[in-house]
Structure formats: structure tokens, C-alpha cells
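>>> Structure here, sequence nowhere to be found:
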């Protein structure tokens, strides 16, 4: 059985999680905490295998909880479960010692999978956090032979929409940005890929097999 | 008629009294200004705290409820038997799910607009990195951020000052500049910090921009300058038509330095 501590100050959501975990055959929720200090105290008393920690909690923030648990109870592994999607949070929590990072609206199945992986000594960062961490490692200068790698996510989206034949106005509407913003993205795509216009961009995409 | 010569000793005494009176008035004026600055800063601080509270309530309260709702809907969808007669119910639930997802997204946006939690949770540098990255994604501009503060940590008010000024400057660039590149640089020395935001857009005559700002129209430069003054700081504008637009904010890191410099 995987022994779990769940720390989250939002009762409704914590109950949702606990119900999901109770329904599984291999997880046992041994403790629940509604704030950061209680999370630390419970972890010391119960020595859970995995502590599921929220970032925004009263009395002591999740970041400090993760830092302290990593230092004080190295055998308890930490999964961060949070509402925060910004890259900077993922990076900070990994630095603090988290073995996993999931956003709260991730499916229940993914939560179970993450807990099992982490309890078995692995790490789980979910598709979202993995993309962020990979993006941090793949700086454009690491990929000089392929300028496509230096495009941002948004620039790649714009590239594909241009190749699909959408006008700047249509792209702007599709991405909920201004027409000027869309035009700026397109100019930057052209500059980074070293092509002069949309027709050359389509040829580049065909050459690189970016289109079917 | 012959005027009588005043007694030089009297004149000296009068002059001394006038000078003392002048010093007293000047000191009262300085006290008054410092007092006014303290009041203005508390008003500003209360405003930011209030925005922070609303932002947190939206993100952590409403946001969590919507997330719980999404999990409950997913659970309900999963437990519906695969019966053709339930197709309509399944479709309705999926639509409710989509509305809840969109509302969650909007709630988060609104919360970030009020006061991004990242500023309080992680501090100024991660908050600026997030701001610059999301601005660049939204507007398609290349924005670089240089942040040099060593081990110096800014207090909460000054972190908010820097964040709000960068935010305002970027909003101005999106509205007026017609730029493709923006450079944001923040440097902290022992006693003083300097922030600069510079674009390569169409620029303008600084006086015109400042005049617009103080008249309350569009650019908000006057507001930025007023905020800088609350910390004894200065905000300079460096621009010319066709030569981009830049602002430079300098301020002391502590209030004692600020009073000495003001």
C-alpha cells in the first residue's frame, strides 16, 4: 500500500481527491492537512511514502513545505498538486525538491499514475510541466542546425496557420490576439527561418515535412 | 527729509529671526511633504493589498470550486452507462464541462490582471520573467529581460513598484510604440536600484508624452512618475521621433536613503 498525506486548504477539492484515492486498490490516505504547518507536523508524525502538497496554503507556503520535507524527511517523496500553471512555479518547485508536479484540473487517472510512479522512486511532471522543463533545457542555441527548434510555441502555431492558408486577420481571431500581434509573430517566424514570404514559408514546411 | 540709519545690531537680529523663521518653514514643508508621501504610499499599499486579496479569492476560492466542479463532471460522465438513450445527457454534461473550463480560464486571467500571485509567492524576478514571457507571447514582440540583483532582495512595496512600472511600460509599448524589440533591465546596487525599459518603435518627443500622461490621457507616464516619487525616485524619459522610446527609473532601496536623497 502507498501511504499518502494530502495537504490542501480547499476542503471540497481535497475531498474529491481523497475519494478518488480511496477508490484505488493500492493507495491509503493516512493524513490530511489544511495548512502548511499542519502538513509538516503530520508528515513528521506519519512518515508517509508520498506527500501531495498544494502551493498556496495558509501559515506556511507549499514551497517552504516542499523544501522542509525534502530536507527533514528525505524518504517521503513530494508531489506538487496546484492551480498554478506558470513555468516559474514548476522550476521553483523542482529546485525545492519536488519529485512531481501536476495541475489540479489534470484527470483523476493521471493523479493516480503520478502517485504510483513517485512512490516507486520515479518522477512525474505531467505533459504540461514536462514541456516547460524540456523547453528550459532546449535553448535555441543548442539547436543551430534546425531553426524550427528556436521558434516559440506561439510562433509554431502561427507558422502552421500560415501554412494552412489562413490570413493574418483569421490567425488573429483564431489565437485571440491582435492583427498586429499576429503579423509580428509571422515576421519573426520568417526572420528566424530565413525565408522572405509566406510562399517560401510553405516551401520550407513541405521540405521539413511539417505538413501532410 | 532725512531717513534715519537703522541700527546694524537691530538689522542683524531681524535677519537672524527671518532666517530662523525660513528654516522653520522649510522644515515644516519637508515634514509636510514626507507626511504626504507616507499617506500616499499607504493608500497605494492598501490598494495593492486589496487587489491581492481579490486576486487570491478569485484564484484560490472560485478557481478551486470550478476545478472541483470539473472533477465532479468528469466523474459523472465516466459513471454514465454506455447507453444510446443517454447520448443527450452526455452531450449536456460535456457542454457544462466546456463552460466550466472557459470560466476557470477567465477567472485565472482576471486574478492575474488584479495582482499576479507569482509576485507574492516567488518574488520580483520570477514575476518579471513571467510578465515579459506572457507579453511577448501575446503581442509577438521579442522582449529580453536582464535582472541583476545579486543577493539583494527588494521589499514588498518596491517590488510592486518595479513590477507595476514594467507592466505599464509594456502596455504603452503595445498601444503606441509599433516596436519589434523591447529590452527590460533591472539592476540593484548596494543602496540604489535602476530599471530601464526601452523599445525600438516609432518614439516621440518626451515632452509630448509626459504632457499626455499628466493630462490623464493614454500614456500613463505621469502616473508612473508620481509612483516613483512616492519612493523618492526619479523617472526619466528618453525618446525622439523615430528613435524608440525608453524610460529609466531610479530609486533608493531604503527609506532612510530616500529621505537623505530627497
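Everything's here; your move. Just so it is clear, the model here is predicted, and its values are computed rather than measured.
>>> Going by C-alpha atoms from here, please, whenever you check contacts or count neighbours.
Fine.
>>> Show the pLDDT at residue B:218.
Residue B:218 carries a pLDDT value of 53.
>>> gap between the residue nearest to the spatial centre of chain B and residue B:158?
Centroid-nearest residue in chain B, with C-alpha atoms, centre = their mean: residue B:164, separated by 1.1 Å. Computed as C-alpha to C-alpha, to the nearest Å, the residue B:164 to residue B:158 distance reads 10 Å.
>>> hey, what's in contact with both of the two?
Common contacts of residue B:164 and residue B:158 (C-alpha atoms under 8 Å, 6 or more residues apart in numbering or on different chains): none found.
>>> before we move on, what SS does residue B:129 have?
The local conformation at residue B:129, judged by DSSP: H, G, I helix; E, B strand; the rest coil, is helix.
>>> Could you report the neighbour count for it?
The number of residues packed near residue B:129 is 17, by other C-alpha atoms under 10 Å in any protein chain shown.
>>> can you tell me which residues contact it?
Shown in contact with residue B:129 (C-alpha under 8 Å, 6+ apart): A:88, B:145.
>>> need the residues of chain A near chain B, please.
Residues of chain A that fall close to chain B, judged by C-alpha under 8 Å from any C-alpha of the partner chain: A:10, A:12-13, A:16, A:56, A:61, A:83, A:86-89, A:104-105, A:107-108, A:154, A:177-178, A:180-185, A:188.
>>> If any of the residues you listed are buried, give me the ChimeraX selection for them.
Restricted to buried positions by 16 or more other C-alpha atoms under 10 Å in any protein chain shown, the ChimeraX selection for the residues of chain A next to chain B reads:
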select /A:10,13,16,56,61,83,87,88,89,104,105,108,154,177,178,180,181,182,183,184,185,188
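>>> Sort out for me which of the residues of chain A next to chain B are in helices.
Among the residues of chain A next to chain B, the subset assigned to helices under DSSP state H consists of A:12-13, A:16, A:87-89, A:108, A:154, A:180-185, A:188.
>>> Mind picking out the helix or strand in the chain with the poorest mean pLDDT?
I'll assume chain A. Within chain A, no helix or strand scores below helix A:126-137, which has a mean of 74 by mean pLDDT, DSSP states H and E.
>>> where's that one relative to the chain centroid, distance-wise?
6 Å (C-alpha atoms, centre = their mean, to the nearest Å).
>>> and that helix, which residues are buried?
A:126, A:129-130, A:132.
>>> ditto for stretch A:19-34
Buried residues in stretch A:19-34, counted by 16+ other C-alpha under 10 Å: A:20-21, A:27-34.
>>> which residues does residue A:3 bridge with?
Beta-bridge partners recorded for residue A:3 (DSSP bridges): residue A:28.
>>> check contacts around it.
By C-alpha under 8 Å, 6+ apart, the contact set of residue A:3 is A:27-30, A:48-50.
>>> Which single residue of the stretch 151-262 of chain B ends up nearest chain A?
Residue nearest to chain A within the stretch 151-262 of chain B: residue B:180 (7.2 Å; C-alpha to the nearest C-alpha).
>>> Spatially nearest residue to that residue (excluding sequence neighbours)?
Of all residues not flanking residue B:180 in the chain, residue B:141 sits nearest, at 5.1 Å (C-alpha to C-alpha, 6 or more residues apart in numbering or on different chains).
>>> Then residue B:177?
residue B:201 (4.8 Å).
>>> separation between the one you found and residue B:182?
From residue B:201 over to residue B:182 the distance is 9 Å, taken as C-alpha to C-alpha.
>>> quick one, strands of chain A?
Using DSSP state E, the strands assigned to chain A run over residues A:2-7, A:27-33, A:50-53, A:77-82, A:100-103.
>>> Rebuild the ones you listed as CSV, extending it with mean pLDDT.
Below are those laid out as CSV (pLDDT from 0 to 100):
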stretch, mean pLDDT
strand A:2-7, 96
strand A:27-33, 94
strand A:50-53, 96
strand A:77-82, 95
strand A:100-103, 92
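>>> follow-up on the earlier one: farthest pair within the buried residues of stretch A:19-34?
Spatial extent of the buried residues of stretch A:19-34 (C-alpha to C-alpha) is set by the pair A:27 and A:34 at 19.9 Å.
>>> hmm, back to that, so which residues make contact with the least confident helix or strand of chain A?
With C-alpha under 8 Å, 6+ apart as the test, helix A:126-137 has contacts from A:87, A:90-91, A:100-102, A:110, A:114.
>>> same deal with stretch B:98-113?
With contacts defined as C-alpha under 8 Å, 6+ apart, stretch B:98-113 is touched by B:54-56, B:58-59, B:62-63, B:66-67, B:69-70.
>>> from the middle of its chain, how far away would it be?
Using C-alpha atoms, centre = their mean, the offset of stretch B:98-113 from its chain centre is 23 Å.
>>> Sort out which residues of it are buried, please.
Neighbour-count burial for stretch B:98-113 flags B:100-101, B:104, B:107-108, B:110-112 (criterion: 16+ other C-alpha under 10 Å).
>>> Could you report the neighbour count for the residue nearest to residue B:177?
21.
>>> low-scoring pLDDT stretches of the chain, where are they?
Reading this off chain A. Scanning chain A for pLDDT under 70 picks out the ranges A:128, A:137-146, A:212.
>>> try again with chain B
Using pLDDT under 70, chain B drops low at B:1-3, B:212-219, B:257-262.
>>> Quick check: residues of it near chain A?
Counting by C-alpha under 8 Å from any C-alpha, chain B sits next to chain A at B:59-61, B:63-65, B:67-68, B:70-72, B:118, B:121-122, B:126, B:129-130, B:137-141, B:180.
>>> what's the burial count for residue A:45?
Neighbour number of residue A:45 under other C-alpha under 10 Å is 10.
>>> That one and residue A:38, how far apart?
On the measure of C-alpha to C-alpha, residue A:45 and residue A:38 end up 10 Å apart.
>>> Residue A:70 too?
Distance, residue A:70 to residue A:38, by C-alpha to C-alpha: 16 Å.
>>> same check, this time on residue A:14
Residue A:14 is 15 Å from residue A:38, by C-alpha to C-alpha.
>>> and residue B:26, what helix or strand is that in?
If you go by DSSP states H and E, residue B:26 is part of helix B:8-56.
>>> Return the set of buried residues in the helix or strand following that helix.
Using DSSP H and E, the helix or strand that directly follows helix B:8-56 along the chain is helix B:63-79. Buried residues in helix B:63-79, defined by neighbour count with 16+ other C-alpha under 10 Å: B:63-71, B:73-74, B:77.
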